[in-house]
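Participant: I need the structure of the sequence given here:
(one chain, ligands or ions: 1)
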Amino acid sequence: MAQYARTKGSIALITLTNPPVNALSAAVRKGITEAVARAFKDTRVKAVVLCGENGKFCGGADIREFAKAMSGPPLVPMIHAIEAGEKPVVAAIEEMALGGGLELALGCHYRVAHAKARLGLPEVTLGLLPAAGGTQRLPRLTGIPAALDLITTGRHISAQEALKLGIVDRVTEGNAVEAAVELALSVVGRPLAPRRLSNHATPLPADLDGVFEEVLVQVKRRARGAMAPVACAKAVRAAAELPYSRGLECERELMNTLFTSGQARALQYCFFAQRAAGKWSLPNGARWDNSRPRAVHTAGVIGLGTMGRGIAVCLVKAGISVVAVETEEKQLDSGRRAVRGMLERDAKRRGVTAPLHMITFTLSMQQLRDVDLVIEAVFEDMALKKSVFAELSRVCRPNALLCTNTSGLDVDELASVTDRPPLVVGMHFFAPAHVMKLLEVICGPRSSPETVATAMTLGKRLGKVSVAVGNCPGFVGNRMLKLYLDQAHFLLEEGASPEQVDQALEEFGFALGIFKVADLSGLDIGWRVRKAAGLIGPDVDPKFPSRHRQGRRYCPLPDLLCEQGRLGQKSGRGWYLYDSAGGKEARPDPAISSFLQEYRLRYGISARRITEQEVVERCVFVLANEGFRILEDGMAAAPEDIDMVYVFGYGWPRHRGGPMFHAAQVGLATVLQRLEFYHRQNPDIPHLQPSTLLRRLVGARSPPMQQWKQHIRSINSQL
Ligand SMILES: C[C@H](O)[C@H](C)C(=O)SCCNC(=O)CCNC(=O)[C@H](O)C(C)(C)COP(=O)([O-])OP(=O)([O-])OC[C@H]1O[C@@H](n2cnc3c(N)ncnc32)[C@H](O)[C@@H]1OP(=O)([O-])[O-]
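Facilitator: Below you'll find the predicted structure:
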């Protein structure tokens, strides 16, 4: 809808009304079309101001309408009518002008933005492109390089940057609507032709081809198989080479190739899944909208290793005072230097003063007696963590929350050594903690709704995507990752090479193949976990380590590499070779291929040809299969949660939605058939056996994801 009013006698004020972000739904488009026609016909009206209800201009096209048949007046002619109008139209941009919202503003003759407004054309993040003239009008206003950057990245810019780029005419700290009305009154009678962007010629850079070549290289490297960024670049090229109307046709044709694509559906699924993940619920009826989070003003961080440092930086950047504790002076000093350095670099990037006063470093746990919440990030060892939690339970005030950053240990076992199990919860950050967006919030069986609400809300405040998961070994992310990694190891035994597996996974869209990821995080981490799980011990024959342990197939390859000191980047060699210890550039290592040949010989394994299809299917379908088990076990409330864990924590390609969405897109019956096929070939790998829920869903004719919950029969759900 759009409300119509006249103000200052001669200004028509048209207000977009569609909470929460005044998206351009069919009803809003109809409202704008009628209101603009009314204003243009009303002789008392000399100019028009467009604004949005509730201090928000417009969040773009209504994404909820994309899955439905198009109805209502289309955007392009609606915006043309505004631009072609004989009365000046001024857009009053408060808080946001995104996607179709900015395209609407670009159709206006003038734009005024509030200083805090965010502007952008983020369609590419939804697998689309700006299809209401944005790819043709923006380059005519800013020039090609700036338009290419904004449209192929989808990044939001500040009002100040928009002013610098000429996208807006004025920025005000005051009321943007009033400022727009002032501007409208002041431009009445001025010629409008020069303000119609579609009339403008596109300013061209000296080396047009060079600019596009360079951007396409970056886009393709960043996109990893995503179609939309490349289509965006092509549409902007049309603005450089074609007259406006022909460019618009090109924009429409390119949009048609994207709109119905699987990638667009996957990216729009991610948009809503990310928001759905925040809407958590517990079996006892506690939910995100009926549980009050506690305020967190002060926090403690125990352990200033890699994770503790990143967590401390996140908290300080979110305006929370931090007490950082270490046991040894040496660790405290290096932790202090690292954290201060990270805060100073970040402040320099943002052009602000580093808030170093917000954090104190101490060797004394006593200094934690008044904090609202503590996050423990010490070495991943249960006995050590238990002693820390017992101490915290003594030192911290009775209602302080105790959180652990464990990546897979039993949160409830930790709670049992404290005097406050309901106030204990897991907050599993991902390395580097001040960069990675994912936060797994592990709800122990005794974690109170208020504690879960506080952890989930704190995650959002730290700029994280918080996902509530149950308390089981490895929680959601690492529980699935173990099986994905197992498949990759088994494929090496059967004939593949690390490069081949990684290339197949990177072609699929992963940021990095699994063996490069293993080298990056260090092979010794998994080694320690396998030792702690009793999979490696004195009973293992070092010469001929068993390939069956704890009743299932086991691959000793990574253990053998660790025994050779091949720990990955940190030792300069792992699955790949690096120039030096800490080197980042991975090179295939001939020693690894002869090591694998010798290994297969020792175990009498005849290598076979492994196809890219098999690599992807075994690694990706085993993830989804375990995802179904996690839903059955009640360790995740919905497939969306599992998908957001993988998109934001494990480099799963966003344009494939997530392991569960991908399985649905491929077809559950196909996933079932392929898993059965691989399980028949490998009966000693139980995780290739299709899960009960997958079978049940296929039996129920593969219902849409939203209906999967009805088929879950988990007894002891924790979510
Ligand atoms: C032709 C044209 O070229 C093309 C084709 C297009 O225009 S394509 C569309 C392009 N536009 C976008 O890509 C902007 C998408 N939105 C955002 O980036 C963010 O939302 C935000 C605007 C920066 C606000 O962030 P927030 O953190 O303050 O709140 P929120 O939780 O995110 O959002 C609050 C609530 O609003 C809902 N919502 C937000 N934007 C929406 C949209 N464009 N359509 C429908 N619903 C939307 C969202 O689902 C949530 O709902 P619920 O969960 O409460 O039920």
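Participant: okay, CA-based contacts and neighbour counts for the rest of this
Facilitator: Fine.
Participant: got the residues of the stretch 251-400 of the chain near the ligand?
Facilitator: Phe272, Arg275 (CA under 6 Å from any ligand atom).
Participant: close to the ligand: what parts of this structure are there?
Facilitator: Residues of the chain that fall close to the ligand, judged by CA under 6 Å from any ligand atom: 20-21, 23, 59-64, 98-100, 122-123, 130-132, 272, 275.
Participant: go with 5 Å
Facilitator: Gly59, Gly60, Ala61, Asp62, Ile63, Gly99, Gly100, Pro122, Glu123, Pro130, Ala131, Ala132 (CA under 5 Å from any ligand atom).
Participant: now render the residues you listed as CSV, adding pLDDT.
Facilitator: What follows is those, written out as CSV (pLDDT from 0 to 100):
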residue, pLDDT
Gly59, 98
Gly60, 98
Ala61, 98
Asp62, 97
Ile63, 97
Gly99, 98
Gly100, 98
Pro122, 98
Glu123, 98
Pro130, 98
Ala131, 98
Ala132, 98
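Participant: closest to Tyr578 out of the residues you listed?
Facilitator: The nearest member of the residues of the chain next to the ligand to Tyr578, counting by CA to CA, is Pro122 at 37.4 Å.
Participant: ok, that closest one - contacts?
Facilitator: Neighbouring residues of Pro122 by CA atoms under 8 Å, 6 or more residues apart in numbering: Leu98, Gly99, Pro130, Ile151, Thr153, Gly154, Arg155, His156.
Participant: what's the answer for Met436, then?
Facilitator: Met436 neighbours (CA under 8 Å, 6+ apart): Phe429, Phe430, Lys464, Phe648, Gly649.
Participant: got it, and Ala312?
Facilitator: Val301, Val322, Ala324, Val339.
Participant: for the residues you listed, which entry has the maximal number of neighbours?
Facilitator: With neighbours defined as other CA atoms under 10 Å, the most crowded of the contacts of Ala312 is Ala324; it has 29 neighbours.
Participant: can you pull the pLDDT of the closest residue to the ligand within the stretch 551-700 of the chain?
Facilitator: Nearest to the ligand in the stretch 551-700 of the chain, going by CA to the nearest ligand atom, is Glu640, at a distance of 13.2 Å. Glu640 carries a pLDDT value of 97.
Participant: name the spans of this structure whose pLDDT lies under the cut-off.
Facilitator: Low-confidence segments of the chain, defined by pLDDT under 70: 714-719.
Participant: domains of it?
Facilitator: Taking automatic domain parsing as the reference, the chain has its domains at 2-259, 298-469, 496-602, 612-634+637-711.
Participant: and Tyr484, what element?
Facilitator: helix 477-494 (DSSP states H and E).
Participant: can I get the CA coordinates of the very next helix or strand once past that helix in PDB?
Facilitator: Downstream of helix 477-494, the first helix or strand assigned by DSSP H and E is helix 498-508. Taking C-alpha atoms only, helix 498-508 is exported to PDB below (Å, rounded to 0.1, in the frame of the first residue of the first chain):
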ATOM      1  CA  PRO A 498      43.900 -35.200  -2.400                       C
ATOM      2  CA  GLU A 499      44.100 -32.800  -5.300                       C
ATOM      3  CA  GLN A 500      41.400 -34.800  -7.200                       C
ATOM      4  CA  VAL A 501      39.000 -34.800  -4.200                       C
ATOM      5  CA  ASP A 502      39.600 -31.100  -3.500                       C
ATOM      6  CA  GLN A 503      39.200 -30.100  -7.100                       C
ATOM      7  CA  ALA A 504      35.800 -31.900  -7.300                       C
ATOM      8  CA  LEU A 505      34.600 -30.200  -4.100                       C
ATOM      9  CA  GLU A 506      35.800 -26.800  -5.200                       C
ATOM     10  CA  GLU A 507      34.100 -27.300  -8.600                       C
ATOM     11  CA  PHE A 508      31.000 -28.100  -6.600                       C
END
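Participant: what comes up buried for helix 498-508?
Facilitator: Neighbour counts over helix 498-508 (16 or more other CA atoms under 10 Å) mark Pro498, Glu499, Gln500, Val501, Asp502, Gln503, Ala504, Leu505, Glu506, Phe508 as buried.
Participant: contacting residues around it?
Facilitator: So helix 498-508 is in contact with 224-225, 488, 491-492, 512-516, 575, 588, 612-613, 615-616, 653, going by CA under 8 Å, 6+ apart.
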